[in-house]
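K.L.:
quick one: sequence and predicted model below, then my questions.
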Amino acid sequence: MTLEQLRIFVAVAEREHLTQGARALNLTQSAVSSAIATLEARYATRLFDRIGRRIALTEAGRLFLAEARAVLARAAAAEAVLTDLSGLARGSLALMASQTVANYWLPPLIQRFRGAHPGIAVSLAIDNTETVSAAIRDGAADLGFIEAEIDDPALAVTAVAEDELVIVVPAGHPWAKAPPAAAQLRQGAWVLREPGSGTRSMFEAALPGLGLATGDLAVALELPSNEAICAAVAAGGGATAISRLVAANAIAAGRLATVALPLPKRRFLALRHKERYLASAAAAFLALAQSGTVPA
């Protein structure tokens with residue numbers, strides 16, 4: 001069994017598609033098919049079911065996927081150790097972040113880091129807080145950045161910045177003129193992020209302070225994008241709770257208005273695995289994120 005075979009298996013398994021797996025690895029479909037067939041033949045174990053024109057992981061394939069990811073993560077850690085011998089002259093840094101952090105806070109930091117260390121290839125993946133935490137735990141990324149508190153004994157959590165949630169409504173909405181009572185908040189329509197997002201979790205945790213419980217809100221829409229939420233609210237879709245960073249431009253342009261109800265501030269948090277080797281590039285980026293300079 002080779003690392004290349006494991007990489008091919010993981011790429012195909014994650015997409016459950018031979019062509020897409022081959023495209024992701026810049027390989028021919030025949031090479032990918034051959035690697036999978038060799039694994040299955042050598043160990044006399046079917047990893048995929050062929051169902052019509054698609055494939056699906058078997059139970060054995062699902063079990064093997066976790067092990068294959070772990071082996072590749074360890075190989076990447078070993079490579080990082082060797083790369084560190086050349087300092088920060090070359091190497092790679094895999095970041096993963098939740099939407100608000102990734103779209104509004106991280107880009108200036110990444111640009112500054114790339115300016116200081118042009119030989120380091122930086123990649124950024126975006127998902128919700130739960131997925132980011134799982135990726136750091138599984139070794140799929142070097143550093144994670146989220147906006148919701150977590151409790152995971154495998155992860156080291158470091159506060160790197162501060163943000164503020166605000167309730168916003170369309171311009172001209174009655175709530176913008178006078179803060180609504182709890183009964184009015186129950187009657188209003190709400191547009192919220194999907195469950196599992198840091199913004200949604202923090203807003204729900206703040207509801208008791210507004211005299212509400214989680215089930216009290218009439219959620220008209222759940223959307224997976226901050227930008228989509230702002231657009232829906234500005235178009236009259238209801239109210240939402242969102243980062244001030246996200247809503248700032250729409251508020252300044254008069255498309256959204258804030259509601260004078262206090263919500264707690266929240267911290268942007270950096271995540272790393274406690275037991276995985278922290279490469280020089282990751283350590284340098286973490287130091288930059290902790291420097292106290294929050295990009296505008």
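P.N.:
Ah, there it is.

K.L.:
residues of stretch 132-148 that come out buried?
P.N.:
The neighbour-count check on stretch 132-148 (16 or more other C-beta atoms under 10 Å) flags 132-133, 135-137, 139-148 as buried. (Each C-beta comes from the backbone N, C-alpha and C, glycine too.)

K.L.:
from those, pick the one nearest residue 2.
P.N.:
Closest approach between the buried residues of stretch 132-148 and residue 2, by C-beta to C-beta: residue 139, at 19.1 Å.

K.L.:
quick one: that closest one and residue 129, what's the gap?
P.N.:
When C-beta to C-beta, to the nearest Å is the yardstick, residue 139 and residue 129 sit 18 Å from each other.

K.L.:
hmm, back to that, return the subset of the buried residues of stretch 132-148 lying in strands.
P.N.:
Mapping the buried residues of stretch 132-148 onto strands (DSSP state E) picks out 143, 144, 145, 146.

K.L.:
for the second one, give me its contacts.
P.N.:
Contacts were defined as C-beta atoms under 8 Å, 6 or more residues apart in numbering; by that measure residue 144 touches 95, 96, 97, 132, 133, 135, 136, 270, 271, 272.

K.L.:
who does the first one form a beta bridge with?
P.N.:
Beta bridges link residue 95 to residue 124, residue 143, judged by DSSP bridges.

K.L.:
so it touches residue 121, yeah?
P.N.:
No: taking C-beta atoms under 8 Å as the definition, residue 95 is not a contact partner of residue 121, at 11.3 Å.

K.L.:
between these two, which is the more surrounded one?
P.N.:
residue 95 (25 against 13; other C-beta atoms under 10 Å).

K.L.:
and the more buried one, how far from residue 270?
P.N.:
Relative to residue 270, and taking C-beta to C-beta, residue 95 is found at 10 Å.

K.L.:
which residues do the two both contact?
P.N.:
143, 144, 145.

K.L.:
please consider this matter closed, and thank you.
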